[in-house]
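**Student:** sequence? don't have it. structure:
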C-alpha cells in the first residue's frame, strides 16, 4: 500500500535560519508531488508541485524553494526564514485516481 | 481559484442530524473528485471519491453526490457524530493536467 512520510511534525526556527522539510512516498512510482501551506483557520495554498525528478513548478512567489532529487522524495527549503513563513505545511502525492496527504509540519518562526 | 485568504465557512449541526457540505467546482473537464476530512493539527484524510461517470456514491455514513450540469459536489454525512467535527475539503482532478485542485474547505461543528 502507498504511504507518505513527512517530517518533522513540529519545528520552531529563528528568523533568518534555514529550513528543510522532507517528504517521501512509498508504494507508488512517478507520483505527482505537492507542497501546500495552510494558515490557521484557512484553506490550502499550493506552493509547489512536481510531475517528475528535477521538475518543479512554483505557484506563488515566496521565500521558499522545492527540490525533487529522487522520484519519491520532495524537499521544501528556505535559506533564510521569515516570520511570515510560519504555518502548517503539507506534502501530498497523487496518481491519476488517488491523492493523499502527509500528516503535516507545524512550523513556527520566532 | 483558491480562497486561501478567506476564513473557512462553518456549518453547525446538531448531533444525530444529517450534514450536507457543498462544493462548487469550476472545471467542466474535471473527471474525478475526492472529499477529505482534516482534523485539527493533522493532514487531510481521504473520505470518499467519485468519478465523473457517476452521480452518486455511498460509503459508511457518507454519500457523495455529483451534479455535472451545475458543477456541484456535495458530501452528506448521516447521523452526524462529535467525531465528525473537522474541516472538509473537496478536490477535483483536471484530466488535462492531472493535478488536483482543492476547494476552500468547510468547517463542520457538531453541537451536543
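**Tutor:** Done, it's in. All of these numbers come straight from a predicted model, not from anything done at the bench. Residues are numbered from 1 along each chain as shown, chains lettered A, B, ... in the order given.

**Student:** what does chain A put close to chain B?
**Tutor:** Residues of chain A that fall close to chain B, judged by Cβ under 8 Å from any Cβ of the partner chain: A:6, A:32, A:34, A:36, A:39, A:41-46, A:49, A:51, A:88, A:90, A:92, A:94, A:96-97, A:99-104, A:106. C-beta here means a position set from N, CA and C on the backbone, and glycine is covered the same way.

**Student:** just the buried subset of these, written out for PyMOL, thanks.
**Tutor:** PyMOL command restricting the residues of chain A next to chain B to the buried ones, with burial defined by 16 or more other Cβ atoms under 10 Å in any protein chain shown:
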select buried, chain A and resi 6+32+34+36+42+43+44+45+46+49+51+88+90+92+94+99+100+101+102+103+104
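
**Student:** list the buried residues of the helix or strand bottoming out on mean pLDDT in chain B.
**Tutor:** Taking mean pLDDT, DSSP states H and E as the measure, chain B has strand B:100-102 as its least confident helix or strand, at a mean of 81. Residues B:100, B:101, B:102 are the ones in strand B:100-102 that count as buried (16+ other Cβ under 10 Å).

**Student:** quick check: residue B:12 is in a strand.
**Tutor:** Yes: counting by DSSP: H, G, I helix; E, B strand; the rest coil, residue B:12 falls inside a strand.

**Student:** contacts only, for it.
**Tutor:** Under the criterion of Cβ atoms under 8 Å, 6 or more residues apart in numbering or on different chains, the contact partners of residue B:12 comprise B:109, B:110, B:111.

**Student:** again, only using 7 Å
**Tutor:** Residue B:12 makes contact with B:109, B:111 under the criterion Cβ atoms under 7 Å, 6 or more residues apart in numbering or on different chains.

**Student:** beta partners of it?
**Tutor:** residue B:109 (DSSP bridges).

**Student:** so what's it scoring on pLDDT?
**Tutor:** With respect to pLDDT, residue B:12 scores 96.

**Student:** if I look at residue A:110, how far off is chain B?
**Tutor:** Taking Cβ to the nearest Cβ, to the nearest Å as the criterion, residue A:110 is separated from chain B by 19 Å.

**Student:** list the contacts of that residue.
**Tutor:** Applying Cβ under 7 Å, 6+ apart to residue A:110 gives the contacts A:12, A:14.

**Student:** show me what contacts residue B:15?
**Tutor:** B:80, B:81, B:82, B:110, B:111, B:112.

**Student:** isn't the first one up against residue B:20?
**Tutor:** I take that to be residue B:80. No: the pair residue B:80 / residue B:20 is not scored as a contact, 10.1 Å apart, by Cβ atoms under 7 Å.

**Student:** the more surrounded of these two?
**Tutor:** Set side by side, residue B:80 and residue B:20 show more neighbours around residue B:80, with 22 against 12, by other Cβ atoms under 10 Å in any protein chain shown.

**Student:** give me the nearest residue to the more buried one, chain neighbours excluded.
**Tutor:** When the adjacent residues along the chain are set aside, residue B:80 lies closest to residue B:19, with 4.7 Å between them (Cβ to Cβ, 6 or more residues apart in numbering or on different chains).
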